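In: model this:
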Amino acid sequence: MASVKRSGPSSIRGSRGGPGTADPGRYAFGSATLLDLIAIAYDVEYFQVRSASPLDRDRYDVVAIVPAGATTFTACSGAYWRSDSA
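Out: Model prediction:
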């Protein structure tokens with residue numbers, strides 16, 4: 001489950017939590033752009049993402065609940081969580 005809301009003026013930019021951190025059950029990214037989220041999801045650099053529309057104009061606060069037992073993988077297809085129980 002995840003919550004995605006437009007960032008407000010008090011949003012602080014940055015990510016925290018997720019597998020391998022002190023808070024593995026919750027991942028949050030404050031003031032994220034669509035460019036940030038695409039680059040993280042697909043494990044690419046910003047210059048590798050192309051779009052006809054600006055992807056760094058709007059900002060969002062993202063909070064996701066990470067399944068118990070999930071681990072972090074980074075592969076050609078992107079960064080994702082995998083639960084070994086699935």
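In: from here on, contacts and neighbour counts on C-alpha atoms
Out: Noted.
In: In three-state terms, how would R57 be classified?
Out: The three-state label given to R57 by DSSP: H, G, I helix; E, B strand; the rest coil is coil.
In: Repeat that for T71.
Out: For T71, the assignment made with three-state DSSP gives strand.
In: Check the burial of it by counting its neighbours.
Out: 16 (other C-alpha atoms under 10 Å).
In: what's the spacing between it and S51?
Out: To S51, T71 is 30 Å away according to C-alpha to C-alpha, to the nearest Å.
In: What of R13?
Out: R13 is 23 Å from S51, by C-alpha to C-alpha.
In: quick one, which of those two is more surrounded?
Out: Neighbour count, other C-alpha under 10 Å: between R13 and S51, R13 has more, with 14 against 7.
In: can I assume the more buried one is in contact with A32?
Out: Yes - the criterion here is C-alpha atoms under 8 Å, and R13 meets it with A32 at 6.8 Å.
In: Please name the bridge partners of G30.
Out: G14 (DSSP bridges).
In: For the chain, give me the ranges with low pLDDT.
Out: 72-86 (pLDDT under 70).
In: Which residue lies nearest the spatial centre of it?
Out: What sits nearest the mean C-alpha location of the chain, by C-alpha atoms, centre = their mean, is L37, with 5.1 Å.
In: Please pull up the helix or strand immediately following the helix or strand hosting that residue.
Out: If you go by DSSP states H and E, L37 is part of helix 34-42. Per DSSP H and E, the first helix or strand lying C-terminal to helix 34-42 is strand 60-65.
In: how about that next one: buried residues?
Out: 60-64 (16 or more other C-alpha atoms under 10 Å).
In: which other residues reach it?
Out: 1-7, 11, 25-33 (C-alpha atoms under 8 Å, 6 or more residues apart in numbering).
In: among those residues, which are in helices?
Out: Using DSSP state H to define helices, no part of the contacts of strand 60-65 is located there.
In: How many residues are close by G14?
Out: Neighbours of G14 (other C-alpha under 10 Å): 11.
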